[in-house]
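Trainee: coords please:
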Amino acid sequence: MKIQIIVVVVMISLTFSFKVGAQDKIRALEPLPIRRTVQNEPKLRQIPDPMDTLGQKIETLVKNVRAGHGSRIQYVTEPQTEIQVGLLNPERARGLQDKIVIVITGYEGSTPEYFDDGGLSGSYQRYTKPIYFVDANVDPKPPVETAYHLGMAIEKILSTTGAAECVVVCHSKGGVDFRTLVTGKAKNRQRTYDYRHSPLYEKIVGAVFLATPHHGVGLLDRIEKITAQDDKDEEADLAEAYAENYSDHPERYISNQAIDDLFSQQDLYPEHLYMLNVVGQRYYSPVEMDELWPLPSKKNGDERSWRNSVWYKLYQKLGYAQSDGLVLVTEASLDIADHQVFIWLSHDQFFIPSSPVTVYADEVFQKTKERKASKPPKTRDYIPRKPRPK
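Mentor: Reported below is the predicted structural model:
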């Protein structure tokens with residue numbers, strides 16, 4: 001009886017093993033499932049971030065300069081945003097860059113072409129600190145958008161150079177763009193630039209504003225308000241000429257009303273940020289006006305010219321005898337600045353060899369050093385700025 005039970009158990013085991021083995025053989029003959037790999041997935045086209053591309057170009061620029069390549073102006077361009085970043089004095093950037101200066105240009109700055117001149121480039125090459133520049137206004141846009149790209153570009157420069165301190169020198173609209181960045185208004189589509197929690201907060205210790213329209217540029221607004229009257233034919237013609245030829249001019253972004261809407265007395269600034277404001281007081285001559293803003297011809301074909309006393313008297317009548325030629329003294333004044341200077345220069349003369357731009361930068365470095373010694377700022381301390389005592 002026991003033998004029979006053992007035989008039955010052995011046969012059952014053999015039968016089960018045979019079935020399992022047969023199933024394994026059948027499975028082995030079946031085609032293997034297709035594995036979905038990265039190669040099989042449809043490739044998505046990755047669009048590189050323009051600021052990442054610019055950052056890589058800045059790294060290459062600094063690397064080449066430190067290797068001793070180039071003695072004149074060096075710069076790179078990001079084609080999508082048309083931002084230009086460069087170095088005015090490469091020989092000063094080959095060692096340790098503890099302190100640097102960054103120039104922020106204004107409307108259509110064209111920095112490389114402007115500075116690549118014997119007198120201009122030579123005067124800045126003798127400066128002891130590296131002078132970088134950011135031209136974010138080759139294709140001018142509203143300050144809010146420009147400020148975003150400006151912040152990203154400056155961050156790339158600071159991270160690549162390893163600089164511990166930086167003073168920015170802002171000309172014209174560049175000053176409006178920088179204030180927009182500092183006060184936390186920089187935005188590009190759905191992205192904002194958080195200046196307060198960025199590396200820029202502690203590393204940018206001061207700012208120099210040159211001919212910056214802190215209260216906007218009102219020339220176009222004033223001209224448009226001229227009414228056509230029988231005894232003001234020339235004024236009416238001027239208003240019509242500007243309405244036709246400057247309706248889409250980027251100055252619209254920095255009109256009096258636009259800047260009033262952008263900034264307020266409640267705006268907060270870093271406590272440690274030293275601000276030096278420089279106001280120009282030399283207005284343009286009729287010849288200079290003719291070169292800068294050529295007037296359209298009249299409907300009958302006769303040429304207009306600022307050298308015509310009627311036109312130039314109108315220019316002075318609009319208040320531009322107290323201006324740098326474009327920005328009124330009252331428009332360029334900044335009450336919350338730590339120091340304000342008035343200088344006999346017109347709007348486009350602030351970077352000529354005789355202009356003390358590097359002196360201004362050194363003053364800001366020195367003042368921030370004194371301020372740190374007397375009263376170290378609290379971490380991330382943002383405060384409203386009160387008007388400077390008269």
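Trainee: burial count for residue 314?
Mentor: By other Cβ atoms under 10 Å, 20 other residues sit near residue 314. C-beta: built from backbone N, CA, C; applies to glycine.
Trainee: Mind checking what secondary structure residue 275 has?
Mentor: Following DSSP: H, G, I helix; E, B strand; the rest coil, the label given to residue 275 is strand.
Trainee: Run a quick neighbour tally on the closest residue to it other than its chain neighbours.
Mentor: Using Cβ to Cβ, 6 or more residues apart in numbering and skipping residues adjacent in sequence, the residue nearest residue 275 is residue 337, 4.5 Å away. Each residue near residue 337 was counted by other Cβ under 10 Å, and the total is 21.
Trainee: Let me know the pLDDT of residue 337.
Mentor: For residue 337, the model assigns a pLDDT of 93.
Trainee: Let's verify it: helix, strand, or coil?
Mentor: The three-state assignment at residue 337 reads coil, by three-state DSSP.
Trainee: again, but for the one 3 residues further on
Mentor: Assigned state for residue 340: strand (three-state reduction, three-state DSSP).
Trainee: ok, which stretches of the stretch 251-390 of the chain are strands?
Mentor: Taking DSSP state E, counting those that start in this stretch, the strands of the stretch 251-390 of the chain run over residues 268-270, 274-280, 339-343, 382-384.
Trainee: next one: the stretch 51-200 of the chain
Mentor: With strands called from DSSP E, counting those that start in this stretch, the stretch 51-200 of the chain shows them at 74-78, 83-87, 99-104, 131-135, 165-171, 187-188, 191-192.
Trainee: Tabulate those (JSON lines), appending mean pLDDT.
Mentor: Formatted as JSON lines, the strands of the stretch 51-200 of the chain follow (pLDDT from 0 to 100):
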{"stretch": "strand 74-78", "mean pLDDT": "81"}
{"stretch": "strand 83-87", "mean pLDDT": "86"}
{"stretch": "strand 99-104", "mean pLDDT": "93"}
{"stretch": "strand 131-135", "mean pLDDT": "90"}
{"stretch": "strand 165-171", "mean pLDDT": "95"}
{"stretch": "strand 187-188", "mean pLDDT": "87"}
{"stretch": "strand 191-192", "mean pLDDT": "87"}
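Trainee: so which of those strands gets nearest residue 141?
Mentor: strand 187-188 (9.6 Å; Cβ to Cβ).
Trainee: quick check, distance from that closest one to the centre of its chain.
Mentor: On the basis of Cα atoms, centre = their mean, to the nearest Å, strand 187-188 sits 12 Å off its chain's mean C-alpha point.
Trainee: Just give the nearest non-adjacent residue to residue 94, would you?
Mentor: Once flanking residues are discounted, residue 94 sits nearest to residue 66: 5.5 Å by Cβ to Cβ, 6+ apart.
Trainee: Next, work out how far apart that neighbour and residue 161 are.
Mentor: Taking Cβ to Cβ, to the nearest Å as the measure, residue 66 falls 10 Å from residue 161.
Trainee: coming back round to it: which stretch among the strands of the stretch 51-200 of the chain comes nearest residue 328?
Mentor: If we rank the strands of the stretch 51-200 of the chain by Cβ to Cβ, the stretch that ends up nearest is strand 165-171, at 16.7 Å.
Trainee: low-scoring pLDDT stretches of this structure, where are they?
Mentor: Counting by pLDDT under 70, the chain shows low-confidence ranges at 1-50, 70-71, 108-123, 220-251, 375-390.
Trainee: wait, isn't residue 195 in contact with residue 201?
Mentor: Yes - at 6.2 Å, residue 195 counts as touching residue 201 under the criterion of Cβ atoms under 8 Å.
Trainee: how about the helices in the stretch 1-150 of the chain?
Mentor: Assigned helices in the stretch 1-150 of the chain, in chain order: 2-29, 50-66, 111-115, 118-125, 143-161 (criterion: DSSP state H, counting those that start in this stretch).
Trainee: Same question for the stretch 201-350 of the chain.
Mentor: Counting by DSSP H, counting those that start in this stretch, one finds helices in the stretch 201-350 of the chain at the ranges 219-224, 233-245, 256-262, 286-292, 309-315, 329-332.
Trainee: Just give me the neighbour total for the closest residue to residue 280 other than its chain neighbours.
Mentor: Using Cβ to Cβ, 6+ apart and skipping the chain neighbours, the partner closest in space to residue 280 is residue 324 (3.0 Å). Using other Cβ under 10 Å, residue 324 has 29 other residues around it.
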